[in-house]
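**Student:** predicted model follows, preceded by the sequence.
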2 protein chains.
Amino acid sequence: MTYRAPVRDMAFVLQEVAGLGSLAGKGDFAELTPDLIEAVLEEGAKLAGDVLAPLNKSGDHEGARLEADGVKTAKGFREAYARWVDGGWGSLAASPEFGGQGLPLALSTAMQEMWNAANMGFGLCPILSQGTVEALTAHGTEEQKRLYLPKLVSGEWTGTMNLTEPQAGSDLNALKAKAVPQGDGTYLITGTKIFITYGDHDMAENIVHLVLARLPDAPAGTKGISLFLVPKFLVHADGSLGARNDAKCVGLEEKLGIHGSPTCVMSYGDNGGAIGTLIGQENKGLACMFTMMNNARLLVGTQGVAVAERAYQHALAYATERKQGRSIGLTLAPGEMEPIVVHPDVRRMLFTMKSLTEASRSICYANAVAIDRAHHGATPAERAEGQARADLLTPIAKSFSTDIGCEVASIGVQIHGGMGFIEETGAAQYYRDARILPIYEGTNGIQAIDLVTRKLPLGNGAVVKGFIAEMRETAAKARGANHECLALIGAALDQGLDTLDKATDWMLARLKSATDDCLAGASPYLRLFGTVAGGHFLALGALVAAKAEGDAFLAARLATARFYAVQQLPLAEGLLAPATAGAETLYALDAEGLGA
Amino acid sequence: MTYRAPVRDMAFVLQEVAGLGSLAGKGDFAELTPDLIEAVLEEGAKLAGDVLAPLNKSGDHEGARLEADGVKTAKGFREAYARWVDGGWGSLAASPEFGGQGLPLALSTAMQEMWNAANMGFGLCPILSQGTVEALTAHGTEEQKRLYLPKLVSGEWTGTMNLTEPQAGSDLNALKAKAVPQGDGTYLITGTKIFITYGDHDMAENIVHLVLARLPDAPAGTKGISLFLVPKFLVHADGSLGARNDAKCVGLEEKLGIHGSPTCVMSYGDNGGAIGTLIGQENKGLACMFTMMNNARLLVGTQGVAVAERAYQHALAYATERKQGRSIGLTLAPGEMEPIVVHPDVRRMLFTMKSLTEASRSICYANAVAIDRAHHGATPAERAEGQARADLLTPIAKSFSTDIGCEVASIGVQIHGGMGFIEETGAAQYYRDARILPIYEGTNGIQAIDLVTRKLPLGNGAVVKGFIAEMRETAAKARGANHECLALIGAALDQGLDTLDKATDWMLARLKSATDDCLAGASPYLRLFGTVAGGHFLALGALVAAKAEGDAFLAARLATARFYAVQQLPLAEGLLAPATAGAETLYALDAEGLGA
C-alpha cells in the first residue's frame, strides 16, 4: 500500500478554505496562479509517492545506526534525499535573495505534509532545515547568511535545533551548555544535548547546528541563554568546507517510532570545544530559537495531518478489500461476504478519520496562510492581522492536529482488526510514529498554556473574538444558503460557537485573577477550540462544494463536513465543563494522595 | 520502576463497589471473609510485583521465538510460570470437583488484573486456560473433564482458543478447518488457524487446543461449526501423556506489542490429521466457544484496567521525581525546579488516568460479581438477575475498559515527555501492549453491536432500565447525603443519567424498525454508557469513603470520584448527538466517494 498525495484536497483547502486565493496573483505572489499551485503539488506528489513512500517501512525496520565515522541512515534515504534536493524542494518558500523560490509558506506546508505522509522519518529532516533557515534569516549576521543560507535553502546542508539537555527539557532555566568567547568573534561550545533530530547523518555534506548555551558571565535562568551556530564542518570564508568541528553524535535513542530518523545525543567540545558563532544578541538566544520553533510548531501540526492522511488511505484500502460479514437485509449466498466498508461502525470510523484529517489540515494550512499574510500582506493592517491570527492558531494547529494524528492512526489500526497489530501490515507504524507528535516542539500541554495565557489576551481578547466573529459569519452563511445540508452544518457550527464563546469568556474573565483555574482547563479548552475551528473550516469548504453538483470530489467534501457537524462538533459541548471546572478539584490531593 | 498491586483499591472495589460483600459469608462462599480476600490479594501481589513484573521489559525485548522443537518463551517465563502454578493461582475460581478452590470469579478477576498489570505478555496465558476450563466444564464429556480439567485447573497444562483463519476473522461463516470422524469417537482435524495466543510454548507439559472445524456433511455458515479438543500430546486413559499430536506452530507473528506472548500460526494435520474429540454437540460448536469467549471478554476488559493501572503507577512515579518549571507564585531560586506533578495540566492528566482506571476496574469487577451471582446466587431470581446484569455489562466491560487502557497508556507516555518516546523508559511498552485489547476477543465495534442489538432488548428493555434505576438511586443517595462533595457527584451522575436515558430510549425505539441507525450510533452509545456507569460506581465508592474522615485512602477515593464527576461525566453529553445521529450521514458517500 503506497501513499497517493491528496493533491485536489490540498489545492482545495489552500485556495478555498485557508485563504491562499486572497494572496495569490498580487504583490509578492504576483506569479502564483491556481495552475502553478496544482503543478507544484502534482510534481511533489510524484516524489512523495514514488520515492519516499516506498522507503517508509524499510526505514522503520532498518532504522539509523551509529558507526565509527558517524550516523548512517537506512538504505535508500541518501539517494532519496539527493533527489529531493535536486528537485528544488528545499527552497520553495525561502527568500529569492538566498536562492529560494519565494513561494508561500502555505504551499510549502502542503509539501511538508506530503513528505511526512510518505515517510515521516525522512520528512523530519527538512522541517529542521526550514527552521534553521528561518532563524538565520531573521537573526543571522550578513556573513552567516551569506555562508550558510544558500546551502541550507537548497538542502545541500541540513539544520538541527539543540535545546534539550538531560536535566532541562521544557524548562530551559536549567540549561548548562557553555560558550566561551575566543576574542576573534568565535566561541568555544561545550555541553551535551539530547533528542537532537538528524543531529548526524550521511545525507548532506554539512550540518548546521543551532545550539543554546550560556556565556561565562551570563545571568541565571532563561535570560542568560544565547544561540550559536555550530557547523559539523567549519566553513571557510569562500564557502568551502574546512576542518571537522568538535561536535559529534555519541549515541542514538531507541525509540517507539520514526526509526528512520536518527535521534542523537550530541556531544560538543569533547576535544576542547566546538567552534561556533553567535546568532543575534548575547543572552537573547531564546527569542531567536522561538523564531525557529514557531514555524516548527506549525510543521509538527502538519506532521499530525500527514500521518492521519496516510493512516486513512491505508485503512480505506483495507476496508474496501477485506471481506467479513454482510450488511443487514442483504441476501448473499452462505459464505459470501461483503467488504467491511459496508458496516456502519466501519464507516463511522472511516468518516471520523477523514473528517478529522480534513479539519486539522484546514487549521494548519490556514495558520500557514496567516503567516504568509503577516509577511506578504499588502498593508500593515493586513500584515498585523495575519500575525495575530497566526499567533492564535499556532498552538491549536500543533496540539489539535497532533492529537488527531494519534487518534486517527489508532482508528486505522482498529479498522484492520487483528492484522492491525501485526507490524507487517503497516498500520501499527503510523500509530508508533504519530506518538512523538504531541510531545516534541513543546508538549501539547504547553501549547494549551500558550493558547490560554499568551494568545487569548492578544489585543485584550480582540484577536480571539475576531476569529470567533469570522466563524459566526460562516455559520450564518451556511444557515442562510437555503440548502438542507448546509443549514444543518451551520446550525451545528453555531452551537459549537456558543460553547466556545462561553469557555472563552470564562477564560478571559479569570486570566489575571485565577490563572491556575485557566491552566487547569487549558487542554480541554484547546481541544474544544480546535473542534469548533475545524467545523468552521469544513463549513467554509462545504459552502464552496454545495455550489457544484455532480462532482464526486465536492460531494465528498460536503458529506464529510456534514459528518463532522453531526458526529464531531457536538463533542465540543462535553468539553465545556472540563474546560471551566477550575483547579480546586486537581489539588484536592497532594502528590502522595495520588498514590493512595 | 516495578509494579505494586493496588491491593486496598482492589479489595475496596470488590467489597464496597462491585457487591462481592453481598455474596461473601454465605452459600457457596460461606468461608469467604474480608480477611481472606485481602490475604489472597496480598499473596498474589508478591508474586506479581516480585516475580512477574521484573520480566515485563525483558520479555518485551526478547520476545518468544520459534525453534525446531517448538516455541521458546523469553528468559524467566518458564520459571515464573512454575511458581505461578505452585502457588495454586490457576485454580482459584475453578470448581472444587476438579481441584479448584471455588473462590469467586470476582476475586480471580482481580488476580488476573495483577498478572496482566505486572506482565501482560505472561498474563495472557492464564486467561486462555481459564476460558478452556470454563468451556470444558460447561460442555465437556465426563471423560474429557476427568482427563483434562484437573491439569488445566492446576495450570500444569494450558489452553488455547482456535477460531481465526486467514480468511475468517470476526465472521466465522467463512471458516474452513475440517474434522473427519474416525468411527472410534475421535476426529482427524486439518486446517490452519492464525492469531493463536500461546499456541505453543515451553512453560507447560501439555497444551489443550479448542479448535473450531467443520464436519464433512456440515451445513454451510455458522450452523455447521463444531468444537474439538485437540491436545498437543495425546492423553492416555490413565492421564499419562502419549504421542505428539499432528498439531504444531509453524510461525510467530511480529507484533506491535505483547512480545512476551507467542502469537502462533497453527497448522493442524500436516501429517494426516490431528486427533481430536468433540466438545458438546456436532454443529453446535459456536455456542460452546461463546461460553469460553464470554468470560474472556471480561478478562480482556480487565487487561485494559491492568495496563492502565501499570501506566498510571509509572507516570505518577515519574511526575513526582522529574523536576521542570515551578508552580505559579512560588518563589524559588533561579534554576531551582519543582516536580512536574505541581503543574495543573500534569495533575489533570494524572487524575484522568487514575479516575478512568478506577471507573473501568469497577465496571469489570461488578461484571465479575454479576457472573458470580448468576452461578452462586441464593435464589433463582438472584441468579437470573446476575446473569442479566452480566450479559449487559460484558460488552461495556470489554470495550470501555480496553479503550481506557489505550487512552491511559497514551497519557502515560505524554506525562513522560520526550522520555516517553524512548523505549528504555518503559511507558511506550504499555502503549504498544494495550493496542491489541480493543481488537481481540471481538473488536470493540462488535461489542457495541452486541450491546445495542442483543443486550438492550433483554427483558424487553427491563434489564437496562433496571440498571439505570439502580444508578439513579446512587445519585439520589449522593445528593441527599448533606455532603458538599457528594452532592456535586450526585448531580453530575444524574445529569449523565439523563443523557443515558435519552440515548437508551432512542435506541430501544428504533431497534426493530431502524437497526442501521442503532448500529451507526452503537460505539458512541457504548462509550456514553461506560462513562456514566463508571460515574455510578465511583459514586458508590464515594458514598462509603465519605463516612470516614482522616483516612488518606478514602480521601483519595472521594477526590477521584469528584474529579471524574467534574471532568469525565460531562463528556457523556457530547456523545448523545453522535449516538443518536442515525445512519444516513454514513451512507451519503459510496466507498469510492470516501476516497475522493
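**Tutor:** Cool, got the structure.
**Student:** Three-state assignment for the closest residue to chain B within chain A, please.
**Tutor:** In chain A, no residue comes nearer to chain B than residue A:574, which is 2.5 Å away by Cβ to the nearest Cβ. The way it works is simple: take the backbone N, C-alpha and C, and place the C-beta from them, glycine included. State at residue A:574, reduced to three classes by DSSP: H, G, I helix; E, B strand; the rest coil: helix.
**Student:** and the pLDDT at it?
**Tutor:** At residue A:574, the model reports a pLDDT of 96.
**Student:** same check, this time on residue A:328
**Tutor:** If you check residue A:328, the pLDDT there is 62.
**Student:** repeat for the one 10 residues further on
**Tutor:** In this model, residue A:338 is scored at 82, pLDDT.
**Student:** that one touches residue A:322, doesn't it?
**Tutor:** No. Applying Cβ atoms under 8 Å as the test, residue A:338 and residue A:322 come out as separate, 10.0 Å apart.
**Student:** mind listing what's buried in the host helix or strand of residue A:497?
**Tutor:** Residue A:497 belongs to helix A:484-510 when assigned by DSSP states H and E. Across helix A:484-510, burial judged by 16 or more other Cβ atoms under 10 Å in any protein chain shown covers A:485-486, A:488-490, A:492-497, A:499-500, A:503-504, A:506-508, A:510.
**Student:** next one: stretch A:576-589
**Tutor:** Going by neighbour count (16+ other Cβ under 10 Å), the buried part of stretch A:576-589 is A:576, A:577, A:578, A:579, A:580, A:581, A:582, A:583, A:585, A:586, A:588, A:589.
**Student:** adding secondary structure and distance to residue B:219, write the residues you listed out as JSON lines.
**Tutor:** Compiled in JSON lines, the buried residues of stretch A:576-589 are given as follows (DSSP: H, G, I helix; E, B strand; the rest coil; distance: Cβ to Cβ, whole Å):
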{"residue": "A:576", "secondary structure": "helix", "distance to residue B:219": "55"}
{"residue": "A:577", "secondary structure": "helix", "distance to residue B:219": "54"}
{"residue": "A:578", "secondary structure": "helix", "distance to residue B:219": "53"}
{"residue": "A:579", "secondary structure": "helix", "distance to residue B:219": "57"}
{"residue": "A:580", "secondary structure": "coil", "distance to residue B:219": "60"}
{"residue": "A:581", "secondary structure": "coil", "distance to residue B:219": "58"}
{"residue": "A:582", "secondary structure": "coil", "distance to residue B:219": "63"}
{"residue": "A:583", "secondary structure": "coil", "distance to residue B:219": "64"}
{"residue": "A:585", "secondary structure": "helix", "distance to residue B:219": "59"}
{"residue": "A:586", "secondary structure": "helix", "distance to residue B:219": "60"}
{"residue": "A:588", "secondary structure": "coil", "distance to residue B:219": "61"}
{"residue": "A:589", "secondary structure": "coil", "distance to residue B:219": "60"}
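**Student:** show me which of the residues you listed neighbour chain B.
**Tutor:** The subset of the buried residues of stretch A:576-589 lying close to chain B, counting by Cβ under 8 Å from any Cβ of the partner chain, consists of A:576, A:577, A:578, A:581, A:583, A:585, A:586, A:588, A:589.
**Student:** how about the residues of the stretch 251-400 of chain A by chain B?
**Tutor:** Within the stretch 251-400 of chain A, the residues that sit near chain B (Cβ under 8 Å from any Cβ) are A:253-257, A:313, A:316, A:319-320, A:324-325, A:328, A:334-335, A:337, A:339, A:341, A:343-351, A:354.
**Student:** can you select the buried ones from those in PyMOL?
**Tutor:** Listed next is the PyMOL selection for buried residues among those, using 16+ other Cβ under 10 Å:
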select buried, chain A and resi 253+255+256+257+313+316+319+320+324+325+337+339+341+343+344+345+346+347+348+349+350+351+354
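**Student:** same for the longest strand seen in chain A, what does it pack against?
**Tutor:** Within chain A, and with DSSP state E defining each element, the longest strand by residue count is strand A:187-197. Under the contact criterion of 3 or more Cβ pairs under 8 Å, 6 or more residues apart in numbering or on different chains; DSSP states H and E, strand A:187-197 touches helix A:120-139, strand A:157-162, strand A:178-181, strand A:206-213, strand A:226-231, strand A:263-268, strand A:274-279.
**Student:** quick one on the thing from earlier: which ones among the residues of the stretch 251-400 of chain A next to chain B lie within strands?
**Tutor:** Taking DSSP E, every one of these sits outside strands.
**Student:** looking at residue A:477 now. What's its pLDDT?
**Tutor:** Model confidence at residue A:477, expressed as pLDDT, equals 98.
**Student:** actually residue A:482, sorry about that
**Tutor:** 95.
**Student:** the one 3 residues further on now?
**Tutor:** Among the per-residue scores, residue A:485 shows a pLDDT of 96.
**Student:** likewise for the one 4 residues further on?
**Tutor:** Predicted confidence (pLDDT) at residue A:489: the value is 98.
**Student:** low pLDDT regions in chain A?
**Tutor:** A:1, A:169-170, A:326-335, A:596 (pLDDT under 70).
**Student:** how is it carved up into domains?
**Tutor:** Chain A resolves into domains spanning A:53-87+A:119-282, A:459-584 when parsed by the TED database.
**Student:** rewinding a little: redo the helices and strands packed on strand A:187-197 as TSV? Include mean neighbour count and distance to residue B:83.
**Tutor:** Converted to TSV, those look like this (neighbours: other Cβ atoms under 10 Å in any protein chain shown; distance: least, Cβ to Cβ, whole Å):
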stretch	mean neighbour count	distance to residue B:83
helix A:120-139	25	42
strand A:157-162	26	48
strand A:178-181	20	53
strand A:206-213	26	51
strand A:226-231	26	54
strand A:263-268	23	39
strand A:274-279	24	53
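**Student:** could you dump these to JSON lines with distance to residue B:362?
**Tutor:** Shown next, in JSON lines, are these (distance: least, Cβ to Cβ, whole Å):
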{"stretch": "helix A:120-139", "distance to residue B:362": "39"}
{"stretch": "strand A:157-162", "distance to residue B:362": "45"}
{"stretch": "strand A:178-181", "distance to residue B:362": "54"}
{"stretch": "strand A:206-213", "distance to residue B:362": "48"}
{"stretch": "strand A:226-231", "distance to residue B:362": "52"}
{"stretch": "strand A:263-268", "distance to residue B:362": "40"}
{"stretch": "strand A:274-279", "distance to residue B:362": "56"}
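**Student:** and the ones you listed: which comes nearest residue A:302?
**Tutor:** For those, the distance to residue A:302 is smallest for helix A:120-139, at 8.5 Å, taking Cβ to Cβ.
**Student:** how far off centre is the closest one?
**Tutor:** Chain-centre distance of helix A:120-139: 12 Å, with Cα atoms, centre = their mean, to the nearest Å.
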